[in-house]
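Novice: Below are the sequence and a predicted model for it; my questions follow.
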Amino acid sequence: MAMKEKPSDPKYVFFGGKGGTGKTTCAGSFAVQMAKRGRKTLIISTDPAHSLSDAYGAAIGPEIVPVSENLWAVEVDAELEAKKYVKQIQDQMLDLVSAAIVEEIKKQLEIAYLSPGAEEGAIFDKFIEIMHLMGKPYDLMVFDTAPTGHTLRLLTLPEVLGVWIQHLIDRHEKARNLMKASVKYDDILRKRLEDDPIIRVLTKRKEKFEFARGILTDSEACEFVFVLNAEKLPILETERAIELLEKFSIPVGGLVVNKVIPPEAGEYFQKRRVIQEGYLRDIQQRFSEYRIVQLPLLDMDIQGMSQINMVSDLMGELIH
């Protein structure tokens, strides 16, 4: 199978994979390499266990900060964004409902804040907010994502919830048309029905999902890079994840096989290296259509910009 060509000038690059494979180091190194090449790069961490600050040796938080020339960074705080997300929904809902049910609405939203999916929805809204910053001044956004399952739920939200919201709009439109027919001689009520605040809110939400889906499925502007180790479980998880992304038309561009034992590692690692070589052959066979970069197992932890700069030079194959 022929290798897929890399977008000549991607604007959005997502790094993901199984926890502990080295996503942050790879995403951070890639961002540094692109900044060195003159791209105005923003790296965004959405992993709840943020380690971008540690990797760069810099204070990075929920607000965008400069890290080096052409490089900025932000760590999205899921809990903070979830609180803001629920508050925004509450404000919208309280504008649409009668005073009699305000307290009930607040109670339900407090429950929603604690429910599964609240943080994904909040982070997704933050994604969209950040994506709108493209060109102001950034021309590349690199996402250091959470472990695979969390990320896949997040990236498939536009299609799943887009369909659901369209269904809500259709049902509400049908009800509104019936109401229009019943008040056809009452101009005031007809005018109120024409300017329906619920339709406005739902339509705005739908437009957000369409914007994100347009980016995520644009193979010229976006690509997903998997980071894995040469081991059985990461290989199988990566294969399943690629199948799901392709089902939702999200382009996969390449793989970074991290922590490859080098030949000079010595006799102690020899047996482990033989096993790893079998997995490396498996990776080449399973994922032959994608660009594959191997990064060696290093004899030190990657912390601070000097070490990140060293690793960034190894990312050239992923970029070319």
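Specialist: Nice, thanks for sending it over. Numbering: from 1, shown residues only.
Novice: and residue 297, what pLDDT?
Specialist: pLDDT for residue 297: 85.
Novice: how many other residues sit next to it?
Specialist: Around residue 297 there are 16 other residues, counting by other CB atoms under 10 Å. Yep, even glycine has a C-beta here, placed from its N, CA and C like the rest.
Novice: now the closest residue to it other than its chain neighbours, what's its secondary structure?
Specialist: Leaving aside its chain neighbours, residue 297 sits nearest to residue 259 (4.4 Å; criterion: CB to CB, 6 or more residues apart in numbering). Assigned by DSSP: H, G, I helix; E, B strand; the rest coil, the conformation of residue 259 is strand.
Novice: Kindly provide the distance from residue 259 to residue 170.
Specialist: Distance, residue 259 to residue 170, using CB to CB, to the nearest Å: 50 Å.
Novice: the more surrounded of these two?
Specialist: Between residue 259 and residue 170, counting by other CB under 10 Å, residue 259 is the more crowded of the two (19 against 10).
Novice: That one contacts residue 295, doesn't it?
Specialist: Yes. The criterion here is CB atoms under 8 Å, and residue 259 meets it with residue 295 at 7.1 Å.
Novice: list residues touching both of the two?
Specialist: Common contacts of residue 259 and residue 295 (CB atoms under 8 Å, 6 or more residues apart in numbering): residue 22.
Novice: in this structure, which segments are predicted with low confidence?
Specialist: The chain contains residues with pLDDT under 70 at 1-8, 85-119, 147-150, 157-169, 171-173, 175-202, 300, 303-304, 306, 316-320.
Novice: and if we set it to 80?
Specialist: In the predicted model, the chain carries pLDDT under 80 at residues 1-9, 47-50, 78-124, 146-206, 209, 266, 298-307, 309-320.
Novice: In it, what residue spans correspond to helices?
Specialist: Shown for the chain, the helices assigned by DSSP state H span residues 23-36, 52-56, 78-94, 102-114, 118-131, 148-155, 157-182, 187-194, 197-216, 232-247, 270-286, 305-312, 316-319.
Novice: so who does residue 246 touch?
Specialist: residue 252.
Novice: if we go to 10 Å?
Specialist: 224, 252 (CB atoms under 10 Å, 6 or more residues apart in numbering).
Novice: same check, this time on residue 302
Specialist: Residue 302 makes contact with 22, 24-26, 28-29, 51, 54-56, 308, 310-311 under the criterion CB under 10 Å, 6+ apart.
Novice: and with 7 Å instead?
Specialist: Residue 302 makes contact with 25, 55, 308, 311, according to CB atoms under 7 Å, 6 or more residues apart in numbering.
Novice: Report how many residues lie close to the first one.
Specialist: Around residue 25 sit 27 other residues, with neighbours defined as other CB under 10 Å.
Novice: Over to the second one?
Specialist: The tally of other residues near residue 55 (other CB under 10 Å) stands at 28.
Novice: start at 161 instead
Specialist: Got it, the first residue is 161 from now on, which makes the last one we talked about residue 215.
Novice: what's it in contact with, if anything?
Specialist: For residue 215, the contacting residues are 184-185, 188, 462-463, 468, by CB under 7 Å, 6+ apart.
Novice: Identify, from these, the entry nearest to residue 392.
Specialist: residue 185 (22.0 Å; CB to CB).
Novice: ok, and the closest non-adjacent residue to that closest one?
Specialist: Closest to residue 185 by CB to CB, 6+ apart is residue 462, at 4.8 Å.
Novice: Distance check, the one you found against residue 474.
Specialist: 11 Å.
Novice: for residue 426, same thing?
Specialist: Distance from residue 426 to residue 474, counting by CB to CB: 21 Å.
Novice: more crowded one of the two?
Specialist: Legend: neighbour count by other CB under 10 Å for residue 426 and residue 474, higher for residue 474 (17 against 10).
Novice: That one: what's it in contact with?
Specialist: Counting by CB under 7 Å, 6+ apart, residue 474 makes contact with residue 455.
Novice: Check residue 219 too.
Specialist: Contacts of residue 219 by CB under 7 Å, 6+ apart are residue 213.
Novice: just residue 418 next, same as before
Specialist: Taking CB under 7 Å, 6+ apart, one finds 181-182, 186, 387, 389, 455 in contact with residue 418.
Novice: Among the residues you listed, name the ones in strands.
Specialist: Among the contacts of residue 418, DSSP state E puts 387, 389, 455 in strands.
Novice: Looking at neighbours, which among those is most surrounded?
Specialist: Counting by other CB under 10 Å, top hit in the ones in strands among the contacts of residue 418: residue 387 with 28 neighbours.
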